[in-house]
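Asks: Got a sequence here, can you model it:
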Amino acid sequence: MIKAALVLALSAGASSAALTTPHGWRDVEDVSGSSEMLSLSFFLHLCPKKVSLLEAEVLERSTPGNPKYGQGWMSNEEVHEMVAPSAEHVQLVTEFIEAHGATPIFPTPNSDVITATVSIETAEKMLAADYRSYHHAGSNTTLVRTLSYTLPESLSGAVSVVGPTDRFTTRTAPIVQSTDGDGPYDNSPANLRSMYGVGNTDGGVAADNSQAVTAFLGEYYNAKAEANFFKRYLPRAAPDSIKLVGDATAGSAGVEAMLDIEYMPAMGALIETEFWGFTGKSPNSPITITDEPFLTWLYTVGNTTDDDVPMVFSTSYGEDETIEVPTDYSARINAEFLKCAGRGISILFASGDSGAASAAYGGCPNDQFTPTWPAGSPYVTAVGGTTGAALPESAWSGSSGGFSNNFATPSWQADAVATFFATGGQPDSSYYNTSGRGYPDIAAQAVDYPVVIGGDLTLSVAGTSCASPTSGGIIGLLNDARLAAGKTTLGFLNPLLYTNPDALTDVTKGTQAGCGTTKQEFGFEAVEGWDAVTGLGSLNYERLLDVVMALP
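Replies: Numbers count the residues shown, from 1 in each chain. Below you'll find the predicted structure:
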């Protein structure tokens, strides 16, 4: 199994081996030499020693019992200063961009990301690439991408990631269970609030608290649908407004977008909630996606001041780790998550809806379970799925979970994972990396959520896309209570959660879907304690409130 450490992967230069067209994609048009514009993002190499220093600082400030816990997070400037790229590398990339007639833009405080808007023709010359237009029928997504690229030798140690290049990202979507709109639904806001100990608790007490959801690739927010949702399910908590951030926010309501933006403020009621939307489309191309919106989100966070950045992000985005995500890419992006952790920002990701199998290919390629990314990053909190609509919950069979092939088991999780393996009764270890970062970390209900996407159109929706914003809103409430008491936000959550498992409700029954074959029909099984289907279990607001308010 692959066991690439963060610092090792960060040392790689930016280039890619020639690929074949990814599964599910079709080459539809040669755009080589086009004057169509795209925005190149150069994520510069970060010194491994500097990243290790930030990693140590984050763990000290995130671990209950450490003298630094609750004593304040790092500022955005402090974080970026700690991991700043070398001035030589910044100059090399700047001169490279200028040599091709483009203007470099520096969207982060330390210039560890440099962007430039160029024509496809110029991008091909810069990267020795051949851009083409590809279409994914399953998600109706069209991207401009190249199957390979290479930077000049002079930049090989300066740049870790360039986008958009050879990354093919599809639009994720929750599972629509029904469209009849009549209900009743198992998991209305009232039921979720009751189940997870929230009751009638509202936030909005702390003026400097905020929370956000993200949307990519044409998922839009619709104010009318939002208003109708709260009128129907939680009138007293209807947001006065939703702050919109990004290049693609309001429009025709997307199922994923509305699911996220309805349930985070339904759980974290009256807390300022933001919708961060990035389409990836150039201004003169209403259909084709020429940029990589996930990267845009990350450097936008890095360029947002501490006073303005949301303290919780929920993201329902993911893909196959081993098959679709190169280790140098995942390591460099993991460093961005680490930077967020240093600032006291909690990042939650839905774990995925394919059980132990591949989301892109189905089944288990090479007789291996397929971990998902970014859920498998050690600096995000991965949220799996449950079912049952009441306590005790059961694991939802679609809940993705397992063990990363790119990141090792973190220290804060080591005991929980060891206990899981010692319990026994799980699939043969030949299917997964026993020394990898285990995920998910927590879980929440993942079936039968009513989502309003129009005036009268309500859908019943399922998936871990439901679980992530539900959990994110609870974290928002906990932050609100701490901020109102003059304490810090919770920030990177995992050391706190693994130190206090009794503050969650353990899920001990249910089995994950496996490879879809008789050879390995089932994946992991929920057991007492942490497991690779539901993590530590579901959040309980009342118990967690007692824990976090007793901490400095």
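Asks: rest of the way, CA atoms for contacts and neighbours
Replies: Fine.
Asks: What distance do you get for D240 to I271?
Replies: In this structure, D240 and I271 are separated by 10 Å, where distance is defined by CA to CA, to the nearest Å.
Asks: who has more neighbours, those two?
Replies: I271 (27 against 10; other CA atoms under 10 Å).
Asks: what residue ranges in the stretch 401-550 of the chain score low on pLDDT?
Replies: Residue ranges of the stretch 401-550 of the chain with pLDDT under 70: 518.
Asks: What helix or strand is the most centrally placed residue in the chain located in?
Replies: Using CA atoms, centre = their mean, the residue of the chain that lies closest to the mean C-alpha position is F349, 3.9 Å off. Using DSSP states H and E, F349 falls within strand 346-350.
Asks: before we move on, what about M549?
Replies: Following DSSP H and E, one finds M549 within helix 541-550.
Asks: Give me the helices and strands touching that helix, please.
Replies: The helices and strands touching helix 541-550, judged by 3 or more CA pairs under 8 Å, 6 or more residues apart in numbering; DSSP states H and E, are helix 464-484.
Asks: Any idea how far the very next helix or strand once past the helix it packs on is from the middle of the chain?
Replies: If you walk from helix 464-484 toward the C-terminus, the next helix or strand you reach (DSSP H and E) is helix 494-499. Centroid separation between helix 494-499 and its chain, computed with CA atoms, centre = their mean, to the nearest Å, is 19 Å.
Asks: Give the other helices and strands that the helix or strand following helix 494-499 contacts.
Replies: Remark: after helix 494-499, the chain's next helix or strand is strand 504-505, criterion DSSP H and E. In terms of contact count using 3+ CA pairs under 8 Å, 6+ apart, strand 504-505 is assigned the packing partners strand 538-539.
Asks: Give me the contacts around the strand it packs on.
Replies: Counting by CA atoms under 8 Å, 6 or more residues apart in numbering, strand 538-539 makes contact with 196, 442-444, 471, 474, 503-507, all of which sit outside it.
Asks: before we move on, what about stretch 468-475?
Replies: Contacts of stretch 468-475 with the rest of the structure, by CA under 8 Å, 6+ apart, involve 198, 211, 213, 260-261, 263-269, 312-316, 348-350, 382-384, 443-444, 539, 541.
Asks: Please repeat the previous calculation with a cut-off of 6 Å.
Replies: Residues from elsewhere that reach stretch 468-475, judged by CA atoms under 6 Å, 6 or more residues apart in numbering: 260, 263-264, 267-268, 314, 350, 383.
Asks: Just the ones in strands from these, please.
Replies: 314, 350, 383 (DSSP state E).
Asks: top of those by neighbour count?
Replies: Ranked by the number of neighbours (other CA under 10 Å), the ones in strands among the contacts of stretch 468-475 place V383 first, at 40 neighbours.
Asks: returning to what we had before: want to throw the contacts of strand 538-539 into TSV with neighbour count and distance to V28?
Replies: What follows is these, written out as TSV (neighbours: other CA atoms under 10 Å; distance: CA to CA, whole Å):
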residue	neighbour count	distance to V28
Y196	24	48
I442	34	41
A443	34	40
A444	30	40
S471	26	40
I474	27	44
A503	21	52
L504	21	49
T505	20	49
D506	26	48
V507	27	46
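Asks: Turn those into CSV, columns for distance to G70.
Replies: Listed next are the contacts of strand 538-539 as CSV, based on distance: CA to CA, whole Å:
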residue, distance to G70
Y196, 25
I442, 22
A443, 25
A444, 27
S471, 22
I474, 19
A503, 19
L504, 21
T505, 25
D506, 27
V507, 30
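Asks: and the two most separated of these?
Replies: Taking CA to CA as the measure, these reach their widest spread between I474 and V507, a distance of 18.2 Å.
Asks: coming back round to it: give the rounded mean pLDDT of the strand holding F349.
Replies: Model confidence over strand 346-350 averages 98 on the pLDDT scale.
Asks: Repeat that for stretch 21-31.
Replies: Confidence over stretch 21-31, taken as the mean pLDDT, stands at 89.
Asks: Quick check: end-to-end length of that stretch?
Replies: As for stretch 21-31, its first-to-last residue distance stands at 15 Å under the measure CA to CA.
Asks: cool, and stretch 312-323?
Replies: First residue to last in stretch 312-323 (CA to CA) measures 29 Å.
Asks: can you give me the helices in the stretch 51-200 of the chain?
Replies: Secondary structure of the stretch 51-200 of the chain, counting by DSSP state H, counting those that start in this stretch: helices at 76-82, 87-99, 120-127, 189-195.
Asks: one step back: so what strands line up beside the strand holding F349?
Replies: Strand 346-350 has its sheet partners listed here by DSSP bridges as strand 312-315 (parallel), strand 381-387 (parallel).
Asks: Next secondary structure after the first one?
Replies: The reference is to strand 312-315. Following the chain from strand 312-315 toward its C-terminal end, the next helix or strand by DSSP H and E is strand 319-320.
Asks: and the two most separated of the contacts of stretch 468-475?
Replies: Spatial extent of the contacts of stretch 468-475 (CA to CA) is set by the pair G268 and A350 at 17.5 Å.
Asks: The residue nearest to the centre of the chain and F43, how far apart?
Replies: Counting by CA to CA, the separation of F349 from F43 is 22 Å.
Asks: cool, and A102?
Replies: When distances are taken as CA to CA, A102 and F43 turn out to be 17 Å apart.
Asks: Poorly predicted segments of the stretch 251-400 of the chain, please.
Replies: Scanning the stretch 251-400 of the chain for pLDDT under 70 picks out the ranges 280-291.
Asks: Would you state the helices of it in chain order?
Replies: Using DSSP H, counting those that start in this stretch, helices in the stretch 251-400 of the chain cover 255-267, 293-302, 321-324, 327-342.
Asks: Contacts for the shortest one next, please.
Replies: It refers to helix 321-324. Contacts of helix 321-324 with the rest of the structure, by CA under 6 Å, 6+ apart, involve 371-373.
Asks: Return the member of the residues you listed nearest to A360.
Replies: Out of the contacts of helix 321-324, the one with the shortest distance to A360 is T372. That distance is 10.4 Å, counting by CA to CA.
Asks: Give the burial count for Y185, as a bare number.
Replies: Residues near Y185, counting by other CA under 10 Å, number 17.
Asks: Help me confirm that G203 comes into contact with E272.
Replies: No. With contact defined as CA atoms under 6 Å, G203 does not count as touching E272 (9.0 Å).
Asks: any idea how far H80 is from L40?
Replies: Using CA to CA, which is the criterion applied here, L40 is 21 Å from H80.
Asks: Among these two, which residue is more densely surrounded?
Replies: Under the criterion of other CA under 10 Å, the comparison of L40 against H80 puts L40 first, with 23 against 20.
Asks: List the neighbouring strands of the particular helix or strand that has that one in it plus their orientation.
Replies: Following DSSP H and E, one finds L40 within strand 37-44. Paired neighbours of strand 37-44 in the sheet (DSSP bridges): strand 113-119 (antiparallel), strand 159-163 (antiparallel).
Asks: would a markdown table of these with mean neighbour count, mean pLDDT and distance to N191 be doable?
Replies: Rendered in a markdown table, the data for the strands paired with strand 37-44 read as follows (neighbours: other CA atoms under 10 Å; pLDDT from 0 to 100; distance: least, CA to CA, whole Å):
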| stretch | mean neighbour count | mean pLDDT | distance to N191 |
| --- | --- | --- | --- |
| strand 113-119 | 22 | 95 | 43 |
| strand 159-163 | 25 | 93 | 42 |
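Asks: so which of those strands comes closest to G24?
Replies: Proximity to G24 (CA to CA) singles out strand 159-163 among those, at 20.6 Å.
Asks: Tabulate the CA atom coordinates of that closest one in CSV.
Replies: Extracted as CSV, the C-alpha positions of strand 159-163 are listed here (Å, rounded to 0.1, in the frame of the first residue of the first chain):
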residue,chain,number,x,y,z
VAL,A,159,6.0,24.6,-7.6
SER,A,160,4.0,21.7,-6.1
VAL,A,161,0.6,22.0,-7.9
VAL,A,162,-0.6,23.8,-11.0
GLY,A,163,-4.3,23.9,-11.9
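Asks: so how many other residues sit close to L457?
Replies: A total of 15 residues lie near L457 under the criterion other CA under 10 Å.
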